[in-house]
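Novice: Make a model of this:
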Amino acid sequence: MATIGILGGGQLARMLVLAGTPLGQRFRLVDSAGDACAAQIAPLVQADWRDFAALEAFAADSDVVTFDFENVPAETAEWMAARTRVFPNPAALSVAQDRLAEKTLFGRIGLETPAFAAVDSREDLERAVAATGLPAVLKTRRLGYDGKGQFVLRAPADLDAAWQALGGVPLILEAFVPFDREVSVVAVRSRTGEFRHYPLTRNWHAGGILSASLAPLAGDPALEARAVTHARTLAEHLDYVGVFALELFVHGERLLGNEMAPRVHNSGHWTIEGTGCSQFENHVRAILGLPLGDTAAIGTSVMLNWIGELPEADAVLREPRAHWHDYGKSPRAGRKVGHATLCGDDPRELADRLERIGAALGRNEQVAPVLAALRAS
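Specialist: Alright, predicted model coming up:
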């Protein structure tokens, strides 16, 4: 039995604990929030990321340390790695925390990206727009997720407002891509170098937050093979250990790198019920050096995110092979408070199930694009 320390105590940590406990592992958490939802099921040390006195004891009590989100300061990860084993390694975490470093790495490993440019001044913004054209997206290089820290530029008149909103920190301008689909590949690499991947997943966002995921993505094995090759190359380049997600845009025949998440990922939640071994269990296996589990899909699965507040569970739970996840969080606008996963033997069966749930919950808008994809497959 090992003690696994998790830096972060949100829903991803919660699901890691739920997956790792049957393997006989113990868990401890660090989070600055005393009401972190994973603390409902595992001991929590409430501490700031730079409270090194508290972290010293935490490191001493942990056989291995991991993360449930990527905004843990890289210096804290490096400090922790000098005292215990840390996976993924701090270098991989550092790259994923900086969009400019991340995009540069993608190019180095042969993964095409939208055109981008660093922006450190108002003059840089003018030059970047001239180089990339409009529309474009201005983003903070660090600490942005779920649509935060972003401003869409559609016309030259938008530059002043964008600079007022985001200026003062390092930024990156990315050319806007009129993509056909958003997809992700969730993959895992073990301490032993073993590599596995889950089926390519199609994703839909609303307000910059993941709304729904569908897997497996039907009908394009060549696209999946290309995505997996990039994921494997990235993992090996970084000597990565654990689960990660590579988010991609599909634009015609082009596959463009959007970003990497160095952790278990929202678009992989469907793996809990939709595969033989979930992303959460495989992350625990990977960081402990255990053999990795089966990542093949069992039928077809759809994950629906619940943002802000939970709907009534009854309409979901009365359906066969429907699974409900309440994260134990209080309602708040823009907050991920839970999800549901629906599984079926084939896309047609799943579409019928999803249509009933969308109608019962008044969420036809959320399920409509997923239904269209299921019925086209």
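Novice: can you pull the contacts of Val241?
Specialist: Contacts for Val241 were tallied using C-beta atoms under 8 Å, 6 or more residues apart in numbering; they are 87-89, 189-191, 286-287. Any C-beta I mention is one placed from the backbone N, CA and C, and that applies to glycine too.
Novice: Got the confidence number for it?
Specialist: What the model reports for Val241 is a pLDDT of 98.
Novice: The nearest residue to it once chain neighbours are set aside: neighbour count?
Specialist: Spatially, and ignoring its direct neighbours in sequence, Val241 is nearest to Phe87 (4.0 Å; C-beta to C-beta, 6 or more residues apart in numbering). Phe87 is flanked by 22 other residues according to other C-beta atoms under 10 Å.
Novice: I'd like the numbering to begin with 895 instead of 1 from here.
Specialist: Fine by me, first position is 895 from now on; the one you just mentioned is Phe981.
Novice: looking at it, Phe981 is touching Phe1138, isn't it?
Specialist: No. Using C-beta atoms under 8 Å, Phe981 is not in contact with Phe1138; the gap is 11.0 Å.
Novice: can you list the domains in the protein?
Specialist: The chain breaks down by automatic domain parsing into domains covering 897-980, 1009-1069, 1075-1270.
Novice: Using TSV, lay out those together with distance to Lys997.
Specialist: Shown next, in TSV, are those (distance: least, C-beta to C-beta, whole Å):
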stretch	distance to Lys997
domain 897-980	15
domain 1009-1069	5
domain 1075-1270	7
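Novice: So which of those domains is nearest Asp992?
Specialist: Among the domains of the chain, the nearest to Asp992 by C-beta to C-beta is domain 1009-1069 (5.3 Å).
Novice: Figure out the length between the terminal residues of the closest one.
Specialist: Its first and final residues considered, domain 1009-1069 spans 5 Å by C-alpha to C-alpha, to the nearest Å.
Novice: Now do that domain: distance to the chain's middle.
Specialist: 23 Å (C-alpha atoms, centre = their mean, to the nearest Å).
Novice: And the helices in the protein, which stretches?
Specialist: Along the chain, counting by DSSP state H, helices occupy 905-914, 946-954, 968-975, 984-990, 993-1002, 1016-1026, 1052-1060, 1115-1132, 1165-1168, 1173-1182, 1208-1211, 1241-1255, 1258-1270.
Novice: Next, the angle from the fifth one to helix 1115-1132.
Specialist: By that I understand helix 993-1002. Per axes from the mean of the first three to the mean of the last three C-alpha atoms, to 10 degrees, the angle that helix 993-1002 makes with helix 1115-1132 is 110 degrees.
Novice: And helix 993-1002, what's buried?
Specialist: By 16 or more other C-beta atoms under 10 Å, the buried positions in helix 993-1002 come out as 993-994, 996-997, 999-1000.
Novice: okay, those residues in CSV with distance to Arg1226 next?
Specialist: Shown next, in CSV, are the buried residues of helix 993-1002 (distance: C-beta to C-beta, whole Å):
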residue, distance to Arg1226
Arg993, 26
Leu994, 31
Glu996, 29
Lys997, 31
Leu999, 34
Phe1000, 33
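Novice: Which one of those residues is nearest to Asp962?
Specialist: Glu996 (19.3 Å).
Novice: Quick one: residues contacting the closest one.
Specialist: Contacts of Glu996 by C-beta under 8 Å, 6+ apart are 989-990, 1153-1154.
Novice: same check, this time on Ala990
Specialist: By C-beta under 8 Å, 6+ apart, the residues touching Ala990 are 964, 996, 1153-1156.
Novice: Now for Val959, how many residues are close by?
Specialist: Residues lying near Val959 (other C-beta under 10 Å) number 25.
Novice: confidence score at it?
Specialist: pLDDT at Val959 comes out at 98.
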